[in-house]
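[1] Dropping the sequence and predicted coords here.
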Amino acid sequence: MVANSRVRRKKYHISKRAGQLSPSGIRKFFDLLATMEGVISLGVGEPDYATPWHITEAAIQSLEKGQTMYTSNLGMPELRQELARHLQAEYGLKYDPATELLITVGVSEALDLSMRAMLDPGDEVIMPDPCYVSYEPCVILPGGKTVAVATREEDNFELSAVEVEARITDRTRAILLGYPANPTGAVMSRDKMAEVAAVARRHGLVVVSDEIYARLVYGVEHTCVAALPGMKENTILLGGFSKAYAMTGWRIGYAAAPREIIAAMTKIHQYTMMCAPTMSQVAAIEALRSGDGSAAEMVEDYNRRRLVMVKGLREIGLPCFEPRGAFYAFPSVERTGLTSEEFAERLLTEEKVAVVPGSAFGQCGEGHVRCCYATSMADIEEALTRMRRFVNRHRRS
């Protein structure tokens with residue numbers, strides 16, 4: 001045996017596309033707060049409610065009946081039929097449950113499938129900045145390229161159709177939208193959405209519309225892109241159950257789109273995921289049939305918290321855009337002289353309040369932090385007290 005011998009670490013080959021991905025700016029802070037006690041988290045983007053009992057009970061009963069087998073790749077026929085009824089009642093949209101609806105493992109899988117079904121290497125997707133952290137990686141993984149369009153607080157963080165059209169090239173394949181928006185809480189007006197839709201139709205582009213927060217709007221109306229004139233044939237509508245029905249851990253979502261697109265997405269889905277969990281699909285059926293009352297109660301409560309959060313942030317010296325959807329506030333922290341990441345890190349270590357730096361959502365998120373108000377009113381009020389102390393210490397003279 002040779003003294004001082006060293007064991008060489010094997011160097012594994014990592015794909016260039018995986019190497020392109022940055023670690024989630026959200027998860028970094030979750031990992032840090034997991035090591036700390038007494039933290040108030042305004043960072044986790046999920047309801048603080050348990051799933052309504054009647055939904056959970058439906059899943060339990062399915063397990064007791066032994067309904068634990070695979071379902072159709074597309075999802076249970078009963079769920080697709082209920083979903084088709086829901087989309088027609090809500091938006092006047094008629095989808096064929098057998099060919100135009102796909103049940104997925106959360107909206108995240110639906111987004112991933114839509115990008116992989118449409119994009120070849122070098123193809124481009126236009127999207128707003130800031131936006132949800134998964135959008136860019138889902139474009140990069142099939143070899144696509146993201147083209148960001150800045151959205152600004154003075155424009156209510158709404159996407160400009162003029163700026164979208166200016167960025168279209170012969171490699172552009174889709175426009176990716178997410179309204180109500182994470183992280184800003186912005187809601188696109190019907191007129192502005194119609195302008196973007198008109199650009200898509202003019203250039204033969206697909207709009208991929210992530211509408212997971214569709215039910216969470218306050219004093220305004222949500223515009224479903226697919227329901228705009230001429231847009232059903234040009235839209236991949238993504239939705240799910242996580243936010244409105246407090247079902248994040250159930251991992252159940254859907255895509256509604258023209259049959260050719262659904263067929264392509266399903267081919268990828270059947271090889272990578274097979275089907276969404278059976279018990280989650282049963283729960284989703286119950287949510288669609290009987291969950292509207294619980295969802296409405298949660299939205300009313302979120303609205304009360306929203307008003308307290310925005311008012312409190314403004315009073316402590318953090319200018320805050322008024323969110324009209326989802327459950328996030330997106331205050332500016334520029335007055336402190338700290339970057340968004342410095343603000344989030346120091347607020348966590350000094351006052352044990354977790355927020356997410358705006359830079360995690362794109363370059364245009366810099367100078368802001370995301371505060372989720374899907375937490376108890378007591379925690380919101382205590383978090384604001386701690387944030388006031390922090391801002392007073394770090395306010396620029």
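    Thanks, I have it.

[2] Going by C-alpha atoms from here, please, whenever you check contacts or count neighbours.
    Fine.

[3] In the sheet, which residues pair with Ala150? Tell me.
    With DSSP bridges as the criterion, Ala150 is bridged to Asp129.

[4] count of neighbours near it?
    Ala150: 20 surrounding residues under other C-alpha atoms under 10 Å.

[5] The one 4 residues further on too?
    By other C-alpha under 10 Å, 8 other residues sit near Glu154.

[6] for it, phi and psi?
    Main-chain torsions, Glu154, degrees, to the nearest 10: phi -60, psi -20.

[7] do you know how far it is from Phe330?
    13 Å (C-alpha to C-alpha, to the nearest Å).

[8] how much space between the residue lying closest to Leu79 once chain neighbours are set aside and Met69?
    Using C-alpha to C-alpha, 6 or more residues apart in numbering and skipping residues adjacent in sequence, the residue nearest Leu79 is Ile285, 5.3 Å away. The spacing between Ile285 and Met69, counted by C-alpha to C-alpha, is 17 Å.

[9] next one: Arg215
    Distance from Arg215 to Met69, by C-alpha to C-alpha: 31 Å.

[10] Phi and psi next, for Ala214.
    Note on Ala214: its backbone torsions stand at phi -60, psi -40 [degrees, to the nearest 10].

[11] Same question for the one 5 residues further on.
    Comment: the main-chain dihedrals of Gly219 come out as phi 80, psi 10, following degrees, to the nearest 10.

[12] now do Gly230
    Torsion angles, degrees, to the nearest 10, at Gly230: phi 70, psi 10.

[13] ok, it - contacts?
    Gly230 sits next to Arg201 when contact means C-alpha atoms under 8 Å, 6 or more residues apart in numbering.

[14] Next: the one 4 residues further on.
    In this structure, Asn234 makes contact with Ala200, Arg201, Gly204, Leu205, Val206, Val207, Ala226, Pro258, judged by C-alpha under 8 Å, 6+ apart.

[15] I'd guessed the fourth one sits against Asp170; true?
    No. With contacts counted by C-alpha atoms under 8 Å, Leu205 stays clear of Asp170, the gap being 10.7 Å.

[16] if you count what's nearby, which of these two comes out ahead?
    Leu205 (19 against 8).

[17] helix or strand for the nearest residue to that one once chain neighbours are set aside, which one?
    Of all residues not flanking Leu205 in the chain, Ala174 sits nearest, at 5.2 Å (C-alpha to C-alpha, 6+ apart). Assessed by DSSP states H and E, Ala174 sits inside strand 172-177.

[18] Neighbouring strands of that strand in the sheet, and parallel or not?
    For strand 172-177, pairing defined by DSSP bridges yields strand 124-129 (parallel), strand 206-210 (parallel).

[19] that older thread, for the residue nearest to Leu79, grab the count of nearby residues.
    For Ile285, using other C-alpha under 10 Å, the count is 22.

[20] Give me the pLDDT for it.
    Per-residue confidence (pLDDT) for Ile285: 98.

[21] thought it was touching Pro77?
    No. In this structure Ile285 lies outside contact range of Pro77 using C-alpha under 8 Å: 10.3 Å.

[22] hang on, the earlier thing: so what's the residue nearest to Leu205 up against?
    Ala174 neighbours (C-alpha under 8 Å, 6+ apart): Glu124, Val125, Ile126, Ala200, Leu205, Val206, Val207, Val208.
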